[in-house]
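Peer 1: Below is the sequence, then the predicted model.
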Amino acid sequence: MRVGIIGAGVAGLTAAWLLQDEHEVTLLEKQPRLGGHAHTVEVQHAGETIPAESGFEFFAEEGYPTFSKLLHLLHVRLRRYPMTFTLYSAKSGRAHLLPPSRTGFFFWPTLAPRSLAYLVQFAFLLRRAEELVTRRDTAVTIQEFIERFPFSPAFRAAFLYPFLGGGWGFPLPEFRRMAAYNVLKYLVVLRPVGLTPRAFSEVAGGIATYVAALRAAMPRVTIRAGADIRHVRRCSGGFTAVDAAGNAYNFEHLVFATNAVEAGRLLRGVDGAEAERAVLHRFRYLRSTIAVHGDRRFMPREQRHWSVFNIRWSPERSLGTVWQQHRASIPLFRSWMAPDDPTPEPLYHMTHYDHPAMDVEHFAAQRKLAVLQGRHNLRFAGLYAHDIDSHESAVRSAVFIARQLAPGSPHLASLL
């Protein structure tokens, strides 16, 4: 069968790789590059080219089993390193280091009475978080979850909300609306073990290395980068997709591997897709701005407090900055930016991403979308379509589609 996939992020790429042995697959991507949020940029310094990540960067293999297996099948080499966190106030500079034990260094303020009280409450939260994640309770907001327990006001305001919100950079009112399940599953997967850092992994040579390996592993797939699809219509044989240049592509089955908003827009001209459009319009997105830069102002004041993931917080929001010392001989950071932040200097790259809000309504829509998958030969892939907002979810959404369209695919069998 002729299968069209619109969108070449990780979900679209994985779906094409899984389907190629059983179908005639065409992958359409409006950008000149493939990968979506898997986006490696090149920083030039003193004649050296340094790969830096603008989007997805590192992961815990235990929490990303399908994605980890995909990388293994593609023979992509990983590098493991200790994951550390620093939470610090943008106003006072007061810092909390998690875990407090580092190579050759222990953060003794952790043993102060207030810090010890925070750690005790945090350990209690972790136990309750694991229970909620195990139940897969998606009907509770993170604010509702936190208010169930007698945490101290100082712990909530100066530690818990700032730390939990650091991975998204949303304004605090938006973060409070997020589903507790989405926030806490990350926490359960990423939590430190004891007083020493947990091992995380990254793709050696940059995320672009695995995108290139995935593209090279799909010789049977027709890839059209720069194909900006503007219209989709039903036709006698299935669907016709037309790009901005007027090129028409005909398919029997169509997979939307864009975000939900774009998929809903493209479905406006498809007769009989009213139910799909209604569900897709229930997903909300928020704009995130990511800067790759070398500006120390976005890091803790004392360099000895620097971690891999650094969260600067104010009463309005928390914003993360990633620093991986081993990657470059110069200070090189990736920061979530607030609208009123100064422009970093030097600035190497800035990207805007639309990020799913992942509130309670999001998960209700996700369940409804799962019921509609495959109706009238229409399917949807992407991290919004399966579980939490992670690379693992994007890969699993492609697996779901392959189980419907190509259950005998050898690639599918090797990934399960």
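Peer 2: Cool, the structure landed.
Peer 1: end-to-end on stretch 171-186?
Peer 2: With Cα to Cα, to the nearest Å as the measure, stretch 171-186 spans 19 Å from end to end.
Peer 1: Identify all contacting residues around it.
Peer 2: Identification of contacts with stretch 171-186 by Cβ atoms under 8 Å, 6 or more residues apart in numbering yields 129, 132-133, 136-145, 161, 164-165, 167-168, 170, 286, 315-318, 357-360, 362-363, 387-390. For glycine as for every other residue, the C-beta is placed from the backbone atoms N, C-alpha and C.
Peer 1: mind checking which helix or strand of the chain has the lowest mean pLDDT?
Peer 2: Sorted by mean pLDDT, DSSP states H and E, the helices and strands of the chain end with strand 105-106, the least confident at a mean of 60.
Peer 1: Leu286 is in contact with Tyr353, correct?
Peer 2: No. Using Cβ atoms under 8 Å, Tyr353 makes no contact with Leu286, being 9.4 Å away.
Peer 1: Tell me how far Val41 lies from Arg268.
Peer 2: 34 Å (Cβ to Cβ, to the nearest Å).
Peer 1: higher neighbour count, the two?
Peer 2: Between Val41 and Arg268, counting by other Cβ atoms under 10 Å, Val41 is the more crowded of the two (18 against 10).
Peer 1: tell me the secondary structure for that one?
Peer 2: Under DSSP: H, G, I helix; E, B strand; the rest coil, Val41 falls in the strand class.
Peer 1: can you pull up the bridge partners for the residue lying closest to it once chain neighbours are set aside?
Peer 2: In space, and not counting its chain neighbours, Val41 is closest to His349: 4.4 Å by Cβ to Cβ, 6 or more residues apart in numbering. Under DSSP bridges, the beta-bridge partners of His349 are Val292.
Peer 1: re the thing from before, now the element after the least confident helix or strand of the chain, going C-ward?
Peer 2: Counting by DSSP states H and E, the next helix or strand C-terminal to strand 105-106 is helix 113-135.
Peer 1: Show me how far that following helix is from its chain's centre.
Peer 2: Put simply, helix 113-135 sits 24 Å off its chain's centre (Cα atoms, centre = their mean, to the nearest Å).
Peer 1: now for it, which elements pack on it?
Peer 2: helix 142-147, helix 153-155, helix 180-190 (3 or more Cβ pairs under 8 Å, 6 or more residues apart in numbering; DSSP states H and E).
Peer 1: what about the nearest residue to Gly55 once chain neighbours are set aside, distance to Leu184?
Peer 2: Nearest non-adjacent residue to Gly55, counting by Cβ to Cβ, 6+ apart: His37, 3.8 Å away. Distance of His37 to Leu184, given as Cβ to Cβ: 22 Å.
Peer 1: and the two? which has more neighbours close in?
Peer 2: Shown here are His37 and Leu184; by other Cβ under 10 Å, Leu184 has more neighbours (25 against 21).
Peer 1: Distance check, the more buried one against His355.
Peer 2: Applying Cβ to Cβ to Leu184 and His355 gives a distance of 18 Å.
Peer 1: got it, and His253?
Peer 2: Counting by Cβ to Cβ - His253 and His355 are separated by 28 Å.
Peer 1: With neighbour numbers in mind, choose between these two.
Peer 2: For His253 versus His355, the count of surrounding residues by other Cβ under 10 Å is larger for His253: 22 against 18.
Peer 1: thought that one was touching Leu405?
Peer 2: Yes. Taking Cβ under 8 Å as the definition, His253 is a contact partner of Leu405 at 6.5 Å.
Peer 1: any common contacting residues for these two?
Peer 2: With contacts defined as Cβ under 8 Å, 6+ apart, the residues shared by His253 and Leu405 are Met1, Val3, His23, Arg379.
Peer 1: can you list the residues you listed in JSON lines and add pLDDT?
Peer 2: Output for the shared contacts of His253 and Leu405, formatted as JSON lines (pLDDT from 0 to 100):
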{"residue": "Met1", "pLDDT": "93"}
{"residue": "Val3", "pLDDT": "98"}
{"residue": "His23", "pLDDT": "97"}
{"residue": "Arg379", "pLDDT": "98"}
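Peer 1: Of the residues you listed, just say which sits nearest to Ala95.
Peer 2: Arg379 (46.6 Å; Cβ to Cβ).
Peer 1: quick one: the closest one and Gly12, what's the gap?
Peer 2: Distance from Arg379 to Gly12, by Cβ to Cβ: 11 Å.
Peer 1: Which neighbours do those two have in common?
Peer 2: Val255.
Peer 1: And Ala328, how close does it get to Glu62?
Peer 2: Taking Cβ to Cβ as the measure, Ala328 falls 28 Å from Glu62.
Peer 1: Have a look at these two and say which one is more surrounded.
Peer 2: Neighbour count, other Cβ under 10 Å: between Ala328 and Glu62, Ala328 has more, with 17 against 11.
Peer 1: Can you tell me the closest non-neighbouring residue to the more buried one?
Peer 2: Per Cβ to Cβ, 6+ apart, closest to Ala328 is Ile50, 4.8 Å.
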